[in-house]
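Peer 1: Sequence unavailable; structure follows:
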């Protein structure tokens, strides 16, 4: 697979993840004359949700329908595994992949960016957006998330995936940190437990807004946690205005992918 990746995309990030890809996910491939010429991966997230991505096709075989055939095969495999919805991330300027996704029934849900930076809320200032610590997940608190079709992005240095913010999943996420909610359904997010590295550092692990002021919501949570110096690292839903504000704050967008990426979804049954 490494040979295919080296030929497909210059400095492909998947080269650093190939062994983990094979170990944790279900890679599907196409061969020609005993040579791997296309690959994609499928991840079963549970709760009938799946994650696909990393489609790579040998340069000399592009635009011949091979990528589409492999994606259609992936959807067949997903159905057989009981997965009812698939999601994928596609860079905003990756026109061929966006066209393919549309042709096989994926719809674009939201724009996101991988943001990395440090939260530095104004000291002593009351947060513009109020936040509440959720001691437990209640049906009332979750109703707006379900109504908005809220998506959550569990993140790490090279691991991310958008999933539905279900009550069960959020309850499990709470085991790793503190969960916050903002009123009127503008934000839902999780801080990990403090890690001592000379000072107390908290990492924003999950975020599930579909509206509301991105930076203000994060600042509000950081203020409540006295989180000056907390790190933002992950795919967060953004628009151009929010991305511009984040950049002015010193957050770096597009560290892993392009500046903006699209979350796409395909319902299988």
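Peer 2: Looks like it came in fine. Everything numeric in this text was worked out from a predicted model, so none of it was measured.
Peer 1: Wait, residue 22 touches residue 1, no?
Peer 2: Yes: between residue 22 and residue 1 there is a contact under CB atoms under 8 Å: 7.4 Å. (Glycine included, C-beta is placed from N, CA and C.)
Peer 1: What's the local residue count around residue 219?
Peer 2: 22 (other CB atoms under 10 Å).
Peer 1: When residue 22 and residue 1 are compared, which one has more neighbours?
Peer 2: Each of residue 22 and residue 1 has its neighbours counted (other CB under 10 Å); residue 1 has more, 16 against 12.
Peer 1: Contacts only, for that one.
Peer 2: Contacts for residue 1 (CB atoms under 8 Å, 6 or more residues apart in numbering) come out as 18, 21, 22, 27, 29, 36, 39.
Peer 1: Swap in 7 Å and give it another go.
Peer 2: 18, 36, 39 (CB atoms under 7 Å, 6 or more residues apart in numbering).
Peer 1: wouldn't residue 74 be in contact with residue 40 here?
Peer 2: Yes: using CB atoms under 7 Å, residue 74 is in contact with residue 40, at 5.6 Å.
Peer 1: separation between the residue lying farthest from the centre of the chain and residue 268?
Peer 2: The outermost residue of the chain relative to its centre, with distances by CA atoms, centre = their mean, is residue 33 at 35.9 Å. As judged by CB to CB, to the nearest Å, residue 33 and residue 268 stand 32 Å apart.
Peer 1: just residue 84 next, same as before
Peer 2: The value you get for residue 84 to residue 268, if CB to CB is used, is 5 Å.
Peer 1: again with residue 38
Peer 2: Residue 38 is 21 Å from residue 268, by CB to CB.
Peer 1: between these two, who's got more neighbours?
Peer 2: Looking at residue 38 and residue 268 with other CB under 10 Å, you find the greater number of neighbours at residue 38, namely 22 against 15.
Peer 1: out of everything not next to it in sequence, what's closest to the more buried one?
Peer 2: residue 30 (4.0 Å; CB to CB, 6 or more residues apart in numbering).
Peer 1: hmm, who's touching the helix or strand hosting that neighbour?
Peer 2: Element membership for residue 30 (DSSP states H and E) is strand 26-32. Contacts to strand 26-32, defined as CB under 7 Å, 6+ apart, come from residues 21, 36-42, 66, 70, 73-74, 77.
Peer 1: ok, then the element right after that strand?
Peer 2: As assigned by DSSP H and E, the chain's next helix or strand after strand 26-32 is strand 35-46.
Peer 1: packing partners for that following strand?
Peer 2: Other elements packing on strand 35-46 under the criterion 3 or more CB pairs under 7 Å, 6 or more residues apart in numbering; DSSP states H and E are helix 2-8, strand 26-32, strand 49-57, helix 66-80.
Peer 1: quick one: which of these is nearest residue 222?
Peer 2: strand 49-57 (28.8 Å; CB to CB).
Peer 1: quick one: strands adjacent to that closest one?
Peer 2: Under the criterion DSSP bridges, strand 49-57 sits next to strand 35-46 (antiparallel), strand 85-91 (parallel) in its sheet.
Peer 1: Just want the angle from the first one to helix 66-80.
Peer 2: Counting by axes from the mean of the first three to the mean of the last three CA atoms, to 10 degrees, strand 35-46 points 30 degrees away from the direction of helix 66-80.
Peer 1: Ok, the last one next?
Peer 2: Comparing the axes of strand 85-91 and helix 66-80 via the same axes, to 10 degrees yields an angle of 150 degrees.
Peer 1: which outside residues touch strand 85-91?
Peer 2: Contacts of strand 85-91 (CB under 7 Å, 6+ apart): 48-53, 75, 78, 97-98, 101, 106, 162, 257-258, 261-268.
Peer 1: Much appreciated, bye for now.
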